[in-house]
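Student: Got a predicted structure plus its sequence, pasted below:
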Amino acid sequence: MPRSPLALAALATVAVPGLDAFDVRRPAHPGTDFDIAVVIDATRRRWVVRAPVNAAAGAALEAEVVLLDALGTAAEESKLPFAVPRPVGFAHLPEGGRATVHAEIQGRTLSLDELAPGPGLSASVGRAIAAIHELSPSIVENAGLPVYDAEAYRARRQAEVDEAARTGRVPATLLRRWEERLEDVSMWRFRPVVTHGDLTNERILVRDGAVSGILHWGDACVADPADDLSSILVAAPPDATDSIVEAYQLRRTELIDPHLVDRALLVGELALARWLLYGVRSGSGDIVEDAVG
């Protein structure tokens, strides 16, 4: 059973000594692998408490905690121009594992409609993504999270397309398009970098016209930088993408990757294959039909 907000508030008071809980609320975007609540203390400070709902989520959380500590240090050293949800306290759970508590990051979820050409929010998004990619891969390695080289990552993408093809639901013309691009080795010559791994607009917080925080780091790995650009470039207004990419490129120190944007757009297409496979594995006909459509 999901933990109630009051139970989560009680965990927060254990995790952070002296925290005097005054109110508790469900978050605007609750997770699936975690029970989450926003606890407001007597001084009106807001805290986020997360408790894993199963052992797999608990194990993932432990790796994420190590990474978030390193990311928090990077933010303090101005290597990241935004805040991360760095845990400040923990509470052990009766069934095993730990709940974490972090200060709520100020800001609201990025709306893609806000992105426009020029040096404003679009450029801030580009610089934020580039700052992630400039971090040392050792922070991911030290957290025990996945590390891929370029060839291994291309093979991983190829395996996804092959599995999608076996469903018989991907149009032949689209399969040929994907296979041609995956077989073009020149497209896949990139330097692997630290990536967020699931960087949709819902993970990005903005305040005063700039990125203020990035959430949900559980899928971080060392992989293709195109992955983090993909969902933003695919979904953003077309006239804003040049500003995002230009700001990104200016922030990177050693960027020699002529196919970066092409791969980012391809990754956006391959997300359809992953959505199809998710529908097949979960037995959801609605998801399968949505992906096919």
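Tutor: Done, it's in. Numbering: from 1, shown residues only.

Student: so how far is the first residue of stretch 81-93 from its last?
Tutor: With Cα to Cα, to the nearest Å as the measure, stretch 81-93 spans 34 Å from end to end.

Student: and that stretch, what's its mean pLDDT?
Tutor: Model confidence over stretch 81-93, given as mean pLDDT, is 96.

Student: burial measure for the residue lying closest to Pro119 once chain neighbours are set aside, as a count.
Tutor: On the basis of Cβ to Cβ, 6 or more residues apart in numbering, the spatially nearest residue to Pro119 that is not a chain neighbour turns out to be Ser243, at 7.4 Å. Quick note: C-beta positions are derived from backbone N, CA and C, even for glycine. Neighbour count for Ser243, taken as other Cβ atoms under 10 Å: 22.

Student: do Ala15 as well
Tutor: Neighbour number of Ala15 under other Cβ under 10 Å is 22.

Student: residues touching the closest residue to it other than its chain neighbours, list them.
Tutor: Spatial nearest neighbour of Ala15, chain neighbours left out: Gly89 (3.4 Å); criterion: Cβ to Cβ, 6+ apart. By Cβ atoms under 8 Å, 6 or more residues apart in numbering, the contact set of Gly89 is 12, 15-17, 19, 100-101.

Student: Strands along the protein, start to end?
Tutor: 21-25, 34-41, 46-52, 89-92, 98-103, 108-109, 193-195, 204-207, 210-214, 221-223 (DSSP state E).

Student: what's in contact with the shortest one?
Tutor: Applying Cβ under 8 Å, 6+ apart, the external contacts of strand 108-109 come out as 28-29, 201-202, 204-207.

Student: which of these has the most neighbours?
Tutor: Neighbour max across those (other Cβ under 10 Å) = Ile204, 25 neighbours.

Student: I'd like the distance between that one and Leu277.
Tutor: Ile204 is 26 Å from Leu277, where distance means Cβ to Cβ, to the nearest Å.

Student: And Trp217, by the same measure?
Tutor: 24 Å.

Student: who's more crowded, those two?
Tutor: Trp217 (23 against 18).

Student: So His196 sits against Asp228, correct?
Tutor: Yes - taking Cβ atoms under 8 Å as the definition, His196 is a contact partner of Asp228 at 5.3 Å.

Student: Once you drop chain neighbours, what's closest to the most centrally placed residue in the chain?
Tutor: Residue closest to the mean C-alpha point of the chain, counted by Cα atoms, centre = their mean, is Asp198 at 3.0 Å. Nearest residue to Asp198, sequence neighbours excluded (Cβ to Cβ, 6+ apart): Asp219, at 4.3 Å.

Student: what sits against the one you found?
Tutor: Taking Cβ under 8 Å, 6+ apart, we find Asp219 in contact with 196-198.

Student: What of Cys221?
Tutor: Contacts of Cys221 by Cβ under 8 Å, 6+ apart are 140, 145-148, 195, 197.

Student: Which of the residues you listed fall within helices?
Tutor: Judged by DSSP state H, the contacts of Cys221 include Val140 as members of helices.

Student: Can you say which of the contacts of Cys221 are buried?
Tutor: 140, 145-146, 148, 195, 197 (16 or more other Cβ atoms under 10 Å).

Student: closest to Gln249 among those?
Tutor: Closest approach to Gln249 among these (Cβ to Cβ): Thr195, at 16.6 Å.

Student: Could you check how far that closest one is from Val125?
Tutor: 15 Å.

Student: Likewise for Val65?
Tutor: 26 Å.

Student: ok, the two, which is more surrounded?
Tutor: Ranked by neighbour count (other Cβ under 10 Å), Val65 and Val125 place Val125 first, with 28 against 17.

Student: In space, what's closest to the more buried one - neighbours in sequence excluded?
Tutor: Ile244 (5.6 Å).

Student: OK, contacts around that neighbour?
Tutor: Contacts of Ile244 by Cβ under 8 Å, 6+ apart are 115, 122-123, 125-126, 129, 229, 232-233, 236.

Student: May I see the residues you listed arranged in TSV, with pLDDT and distance to Tyr153 as well?
Tutor: Shown next, in TSV, are the contacts of Ile244 (pLDDT from 0 to 100; distance: Cβ to Cβ, whole Å):
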residue	pLDDT	distance to Tyr153
Leu115	95	27
Ser122	97	27
Ala123	97	28
Val125	98	23
Gly126	97	22
Ile129	98	18
Leu229	96	15
Ile232	94	19
Leu233	94	18
Ala236	93	24
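
Student: Could you list which of the residues you listed belong to helices?
Tutor: Among the contacts of Ile244, the members falling in helices (DSSP H) are 122-123, 125-126, 129, 229, 232-233.

Student: No more questions from me, cheers.
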